[in-house]
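>>> give me the fold of what follows.
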Amino acid sequence: MPNSEKHLEETCITSTRVFDGHLMKVNQDRVRLPNGEESVREYTVHPGAVAIIPILDDGRFVMERQFRYPLHRVFLEFPAGKIDPGEDPVATAHRELLEETGYVAQTLEYITTIHPVISYSTEKIELYVARGLTLKERQLDHNEFLDVVLVEPAELMRQIKAGEVSDVKTIIGAFWVAQT
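A predicted model of the protein is given here:
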């Protein structure tokens, strides 16, 4: 942290793992605030993920519709998945693209890393654009259910602007591609 920001820093006094799940963990830390007082911070510890923006040669996006249990609804989103321990994010992107959509990419271009919920999670998502797509056979994980759909960029932007698409990685990916 630059010296000019030291006056904002919170330091950990103690850290306790209060939940240790399959996908995520939850920590509760006691911290010292910049003014010397103490407070509590609770946050999820996430292994990180990738999101892939697959673009067909005709410009359409390869997307998926998937039920997301925490919000009890189906979302339109770009394919994504968590990075396994020790796995290179590029390998994760290739693996998730094939598993979820059945497509193999000739090229993967890293575009940026996002932190979708900085207030209570360590999660980071690396975004990649996939081009030169060849359709093979999907290899969905056990108990994974999703529909693959092809979406025109203008239609995706319309849905985002209408509030019909609210997934942050999808919105950022769509706007990033539109600006390049």
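
>>> from here on, just use CA atoms for contacts and neighbour counts.
Fine.

>>> where does this structure dip in pLDDT?
1 (pLDDT under 70).

>>> and the helices in it?
89-101, 153-161, 168-179 (DSSP state H).

>>> select, out of those, the one closest to Asp147.
Of all those, helix 89-101 sits nearest to Asp147, with 8.4 Å by Cα to Cα.

>>> how is this structure carved up into domains?
Domain assignment for the chain by automatic domain parsing gives 3-45, 49-179.

>>> dump the residue contacts of the residue nearest to the spatial centre of the chain.
The centroid of the chain falls nearest to Ile125 when counting by Cα atoms, centre = their mean (4.1 Å). Ile125 makes contact with Gly48, Ala49, Val50, Ala51, Thr113, Ile114, His115, Pro116, Lys169, according to Cα atoms under 8 Å, 6 or more residues apart in numbering.

>>> ok so, going back, Throw the helices of the chain into a markdown table and include distance to Glu9 and mean neighbour count, thanks.
Output for those, formatted as a markdown table (distance: least, Cα to Cα, whole Å; neighbours: other Cα atoms under 10 Å):
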| stretch | distance to Glu9 | mean neighbour count |
| --- | --- | --- |
| helix 89-101 | 30 | 22 |
| helix 153-161 | 36 | 15 |
| helix 168-179 | 27 | 16 |
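
>>> okay if I get the ones you listed as TSV plus distance to Glu77?
Putting the helices of the chain into TSV (distance: least, Cα to Cα, whole Å) gives the following:
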stretch	distance to Glu77
helix 89-101	12
helix 153-161	10
helix 168-179	5
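
>>> and Glu64, which of the ones you listed is closest to it?
Once these are compared by Cα to Cα, helix 89-101 is nearest, at 7.7 Å.
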